Structures are given as structure tokens and as C-alpha cells.
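1. mind folding the following:
(2 chains)
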2 protein chains.
Amino acid sequence: MSVTAARGFVAAGGAIGIKAARQLDLAIVATADGKAVPAAGVFTQNLATAAAVQVSREHLGRSEGQAAAVVLTSGNANAATGPAGVRAARRLCEIVAAEVGAAPEEVLVCQTGLIGVPFPAGVLDAVGPVVAARAPGARAGRAAAEAIMTTDTVPKEAVAYVDAGGVRCTVGGMAKGAAMLAPHMATMLAVVTTDAAAAPSTLRALLGGAVDVSFNAMTVDGCTSTNDTVLLLASGEAGAVPLDQLGAAVSAVCRSLAEQMVADAEGATKTARIVVTGAASDAEAHVAARKVASSLLVKCSLNGEDPYWGRVVSELGSAGVVFELGRTSVAYGGIEVCARGAAVPHDADAVAAHMAGKAVDIRCDLGVGQGEGAVLTSDLGYGYLDENRTTS
Amino acid sequence: MSVTAARGFVAAGGAIGIKAARQLDLAIVATADGKAVPAAGVFTQNLATAAAVQVSREHLGRSEGQAAAVVLTSGNANAATGPAGVRAARRLCEIVAAEVGAAPEEVLVCQTGLIGVPFPAGVLDAVGPVVAARAPGARAGRAAAEAIMTTDTVPKEAVAYVDAGGVRCTVGGMAKGAAMLAPHMATMLAVVTTDAAAAPSTLRALLGGAVDVSFNAMTVDGCTSTNDTVLLLASGEAGAVPLDQLGAAVSAVCRSLAEQMVADAEGATKTARIVVTGAASDAEAHVAARKVASSLLVKCSLNGEDPYWGRVVSELGSAGVVFELGRTSVAYGGIEVCARGAAVPHDADAVAAHMAGKAVDIRCDLGVGQGEGAVLTSDLGYGYLDENRTTS
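-> Residues are numbered from 1 along each chain as shown, chains lettered A, B, ... in the order given. Take a look at the predicted model:
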């Protein structure tokens, strides 16, 4: 169950001819009755903004945080495509709006694929029938999740619940993304829906907090995409629940989707959670964890299952945070391999066994404060190169 | 000809048992008469500083910028090795000092290899005979350049000359480094010598300028090492030359050594020069060029000879500099593929032919100012992964 888990939402996935061979390339998520509901979005910080990001930002502004539908396409990023690309994104919204009975500014749009390739406007004629086939239920949600995949090998869905004072609300979401993934958003799209009642400003705050601990706390290749978008829509059909509980559920869904993305990272064989403690502040801990998580050399070591902690210490030392080598310790899977900045005797077989697993845990204590932070990453293997050497 | 090209310097390379199988692992560069001469150094900005960096910085301070010898070892970084590591680096300097007839603080030390592995202090007994074998000439210089190699496949040497008003002076240098290479120094060591006469403060200024346009204007993997050191020694035997000409010669030697390092980058099949023009400032141009040059996705495209300029534009947009997609253009080998932020018709065969070469030229104009900058990078291939998956 994903975007259709919460009451009041329908979805569909279909093929309109952006991708070859009739592969799924169009997804729709809409309110069941076509009425606009409170919505919020977080968008890429890349200034080479895709047409869809420009149009969705503008629509959310004009509708004052109300949306009736989200349309998503895969196979062409419609980024660096000039005015024609923006026109195509607007037209996509108009077609969906007419089909669901909403205003164009109540439709948001997400696109993913190759940058700089003109969007094939001819496919727009095929959009209407896919939107018309939208339906409630898990099967429709799954079709939508499949239709947004690019180099993803599996669809990504998540769901969480809130039970509070007799009100039970659901938060469900779907996402895509397997590379160009980095803090501050990456080629990743995510749509999260809930049947809880909440105002647009509340949704913005909840979504911002959730993104910080999920999509902005992971990295695959340090590349920030032109198209990143995370959207949250609230139908209100379940009624109001305490905001901290709703926020926790939204965060749980986003965190699950982020974890699924890192696990499906191009060519990855394992994930690693880099935890930094004892930093001067939480912000510095996060910066240091991100530096380790982004390191090509650390990621190579993960791929080779090599507990070469020297690379970890080197990255911590060049992270630009308060650091004293003589206070630094590093542990793999809870087994300390470096203390006070130098090697310590340890059970090398146990470390090797931990590194051989699918989920590696690396904890670094800087010994200079109370700050803590964590970033999720993947290893770097031949598969990433195979995927990205050529686009043809 | 390298560090022995300038008059007044001798060198040697030998094996002391840090590496297995009697491979060369100790290099010495010294003044011919053992007297200290003006010297300057630039060191890593990594706070996880190796013992050699700590000791060399201290020695340059205590000697007030005078050095009689540089001793370099390969096969063990002597970084994250605690107080025992610092003692070993000091002892190395003392042994060399006794051999050349200088004070210990007149000896500088550079080390490269694995981080976190205790330095094998037992090898110190073998240092004296190698130092005693120091000699002038190209053969001795080459032996020293070979003795500092780790994953390098070729030794790196460079020489430049200044002819000014009857005074002819020589600048020669050697370097090592094939990974953990990034702006702000990386696992790279370089020793540059000249027979020009110049004070330590002058040498510091010249070396800083040269490093900015060479070692700090390249990247292989974005990793900044614990051990990076560039040293410049001036024997003065040729007399004084105009400082701008001496600076140009030092920069030429450093630039050549940097280019040799990028060309020998682990697993690399080609180099690429990323030039950014039209930026708001030279500093912003450099930042943008570095962002493109560091991009995993751009480096994959280079390896696959794929002119996917969308990745270049995406990196420019996320570089944190003034950027407007509609003003941005990109050219490969002088052939414009993107103008005003969108694709333009171009000779795709000519671009493909340029990408297939060993030296790729990517020019990006941001169209917002007069700033210019360039960064040298390499492609990312299987070889880098093979080299770095495991250290054993």
C-alpha cells in the first residue's frame, strides 16, 4: 500500500510513449472526488530547475497550498529544455485538471529522466485515458509507484498509522530514485498522502521536518538533481490527530522511502549508516557524517568489505568541523577499531563478519561535545559505473 | 631531470623494508654541501594530520624557513599512529641530520601509504646507508622520484628554466599521487628545488601561488589526505632572478606535476579540463568548475565517452554560485552543445571524436559576469574501484 492507503486518494499508472516499448511512464495521484485538499512541497535546491519544479512551485503558490492531483512522468527530466519544456509541463497539468475536474493550478507535476532532451509533446494525447483509469486500492497505488521508476529496480512504497483518541489516520507514500541522490534532495520524487486533517502551513512544517531526517540524511553519489520533489497531500477524511504523532508518521514514511532508495542505489550491494557522536553540535555531527558517507574511498572500502578505518578518520579530519585526532574513536558494528586516534586491538574476524553483511554500522565519536548525527549511504560498485558510463 | 636539476642538490632512492620485496621506499633530497638553505612548505588542511606533517611544520618554524634535506618514505602514511608515530618521524629526521651534517630541525619529512598502521620503527636502521649514497644528477633524482610512488604507475618529474639578464636558473621537482587527490591538497607529496636565490618569505609566497594554480586546481576523488606536503628549497647557487619569472617557473613545474598526477589517476583513461567562464567572480568560476570536475556522474560520462551535458548543467546549478539556466552554455572540445540552457544543433560526430581522445575540454559559460576558473580532473573507471576496494 502506498499513496492510496489513506482514505480519499486514487491513483493510476500507464504508458504514454515517453519510454520505449510501452513501459509504464505516467503516474497520477488524485483526490477521489477531484476536490483540492491542503498540500505542501519540498523542491530541489539546484538552480538548474526543471520545468516541472518551476510549474509545481508556481501552482502551489497560486492555489495557496491546495492540490487535487499530482501527475508524474518518467523517461525524460524535461530539464534544460527551455520555454518549450515549461509549456509542456503546463499542458500536462491542464489535461489532468480537465480530466479530474479541478483548476490547472490545483495540479502538481513531477518529472524524471534524462536532462536536456526536448520533451516529446506528442505523448500528451495519451495522458487523458490513463488519468481516467484512476482507482482506489493497493493495485492502483502499485501501478503508480512502478510508473515513476527509472533506474530503480524495485518500486518504493511505505505506510504508517496514527491511532489517537479514537481517530485512526493513515500516511502512505511512494518514491523513486537510485542515483543523483544526495542531501538537499536528488533525482528523487516522492508523493505522500494522508487522510488526517491539516492546514497547508502545518503540512509544510511536518514535511520539512520529515525531509530533514530522511531524504536529506542520505547520499548515494553526492549529486543534487534538477527535478527533486517531495509532495504531501492531506484529504482530511480521517479527521484531526495530534500533530506530533502525524509528524512522526510522515517522518516514518519518508525514512522508509529513503532507506528503500539507498538500498536500491545503482550498483549497490549494501547500505551503511554513518553515525557521528561527540561532535561540537548536531549540525557539525551531520556534516561530518555526510563527509564520511560521501567519500568515494569509504564507499569503495564498503564494496570491498575492507575495514580500513584510516579513510574514515581522514574524512572526519577534512570535514571542516571541530576535530582532534587524539580524541577520535571509530567502531564497526559496535567493535572499536580506533581509539584516541590510533589503532586498538580488536576482534578482526567479528569486524569482517559485520562488513560482510548487507547493513554496515560505522560509529565515530569525535570526543569534543554532545552533537549527534547520522547519514545513510551505499557502497560503490561496478554496477554504478555500468549504469552511468553511457546514457544510450 | 627532477629535484637534482637545479645546482646544489643531491638525491637518492633506496629500500629500507617498509614495502615488501625490497621495493624502493625511501627517498632523500639534500643540499650538496649539507648546509641549510631557504625553504617553504604547503601542508594538508586535513585536521587528522600525519606525524610527518606535524614534524615538518614544527621544523620549518624552529629553523625559521631553512632546510638542508627532505626525507620521504612510502608504504606507510604514519598517520593516526599516536605518539609512537611522531617519535618515529622525529627519529627519521635525526638519522638524516646526522648523516648530512645538519641540525634535526633542518630536516623535513614526508610520508605516504596506509593510514592507521603503526610505523615499523625497525626500518630506521636501514636509513643511513641510503642517505649516504646520495648523489647529483638525473639518475639519482629519478631514483628518489621512484621511491615515493605508491599506487602511481609512473614517476613524476618536471623542470623549468628562467633566463633573465645573464642569470639562468633552474626549477625542478618530483611528486607522487594517484588518488585521495582533491583541491586543498591530497595524498600527494612534491619536492621542488631551485638554484635561484630567494628568502624563505619569498619562497612561501611563490609556492602558495603555484599550488593554487596546480595542485589545488585538480581533483581525482575529492578526498583530502592526511599527509599532503609540497616543499620548495632554494640553493641560491644561480643567483637572483626576477621574482615574477621565478614564480612562473615554479608554477610551471607544479602544474606539470599536477597534470602528471591526474593523468596517472587510479583507473583513469583520460583527463578533462573543466573551464568555467562568465561567472560572477574568479572564485565562483573555480567553485563551479570544481563541482563539475568532482561529479561522480560527470566522471562516469567521461569514462563512457558520453557527451551528456545535462549532468554538467545540473552540477553548475547546484554549485552554490550565481546561476541562471537560461544564460548557460556548454561546449565540448569547442563545439557548443547547450546554449541558453537548452540543447542546440551540433556536429555530434565531432563531439564524439573529441570525447574519444585522451584529453577532454569542457567549457561552461555562465553568462552572468567576467569570472574565469579551471580545474583538471580524470574519468572514473573500473580501475579506481579495483585499486580501492581493498587495501590488502
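2. is any residue of the biggest helix by length in chain A near chain B?
-> For chain A, the helix that runs over the most residues, judged by DSSP state H, is helix A:243-263. No - Helix A:243-263 is not in contact with chain B by CB under 8 Å from any CB of the partner chain; minimum separation 15.1 Å. To be clear about C-beta, it is placed using only N, CA and C from the backbone, and glycine gets the same treatment.
3. which element follows that helix toward the C-terminus?
-> Going down the chain from helix A:243-263, the next helix or strand is strand A:271-279, by DSSP states H and E.
4. in its sheet, what does that following strand sit against?
-> strand A:359-365 (parallel), strand A:371-378 (antiparallel) (DSSP bridges).
5. against which helices or strands is the helix or strand just after that strand packed?
-> Of the helices and strands lying after strand A:271-279 in sequence (DSSP H and E), the nearest is helix A:282-294. Contacts defined by 3 or more CB pairs under 8 Å, 6 or more residues apart in numbering or on different chains; DSSP states H and E place helix A:282-294 against strand A:218-219, strand A:271-279, helix A:309-317, strand A:359-365, strand A:371-378.
6. the shortest one vs chain B: in contact?
-> No - legend: contact between strand A:218-219 and chain B by CB under 8 Å from any CB is lacking; minimum distance shown is 10.6 Å.
7. tell me how far that strand is from the chain's mean position?
-> Computed by CA atoms, centre = their mean, to the nearest Å, the chain-centroid distance of strand A:218-219 equals 9 Å.
8. again, but for the second one
-> Relative to the centre of its chain, strand A:271-279 is centred 20 Å away, using CA atoms, centre = their mean.
9. okay, angle between that strand and helix A:282-294 too, please.
-> 150 degrees (axes from the mean of the first three to the mean of the last three CA atoms, to 10 degrees).
10. likewise the fourth one?
-> Going by the same axes, to 10 degrees, strand A:359-365 is angled at 130 degrees with respect to helix A:282-294.
11. and strand A:359-365, average pLDDT?
-> For strand A:359-365, the mean per-residue pLDDT is 95.
12. contact partners of that strand?
-> A:270-278, A:288-289, A:292, A:302, A:312, A:316, A:328-334, A:354 (CB atoms under 8 Å, 6 or more residues apart in numbering or on different chains).
13. next, the buried residues of it.
-> A:360-365 (16 or more other CB atoms under 10 Å in any protein chain shown).
14. the inter-axis angle of it versus helix A:309-317?
-> 50 degrees.
15. using PDB, list the CA coordinates for strand A:359-365.
-> Presented in PDB, the C-alpha positions along strand A:359-365 are these (Å, rounded to 0.1, in the frame of the first residue of the first chain):
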ATOM      1  CA  ALA A 359      23.800  -3.300   6.600                       C
ATOM      2  CA  VAL A 360      27.000  -1.900   7.900                       C
ATOM      3  CA  ASP A 361      27.100   0.400  11.000                       C
ATOM      4  CA  ILE A 362      30.000   2.800  11.400                       C
ATOM      5  CA  ARG A 363      30.100   4.900  14.600                       C
ATOM      6  CA  CYS A 364      32.600   7.700  15.000                       C
ATOM      7  CA  ASP A 365      33.000   9.600  18.300                       C
END
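16. got the buried residues for stretch A:143-154?
-> Going by neighbour count (16+ other CB under 10 Å), the buried part of stretch A:143-154 is A:143-152.
17. let me know the closest of those residues to chain B.
-> Closest approach to chain B among those (CB to the nearest CB): A:Thr151, at 11.8 Å.
18. so that closest one: helix, strand or coil?
-> coil (DSSP: H, G, I helix; E, B strand; the rest coil).
19. I figured A:Val262 hits A:Ser378, correct?
-> Yes - contact criterion CB atoms under 8 Å: A:Val262 and A:Ser378 qualify, at 5.2 Å.
20. neighbour-wise, which of the two wins?
-> A:Ser378 (30 against 23; other CB atoms under 10 Å in any protein chain shown).
21. circling back: by mean pLDDT, show me the worst of the helices and strands packed on helix A:282-294.
-> strand A:218-219 (a mean of 72).
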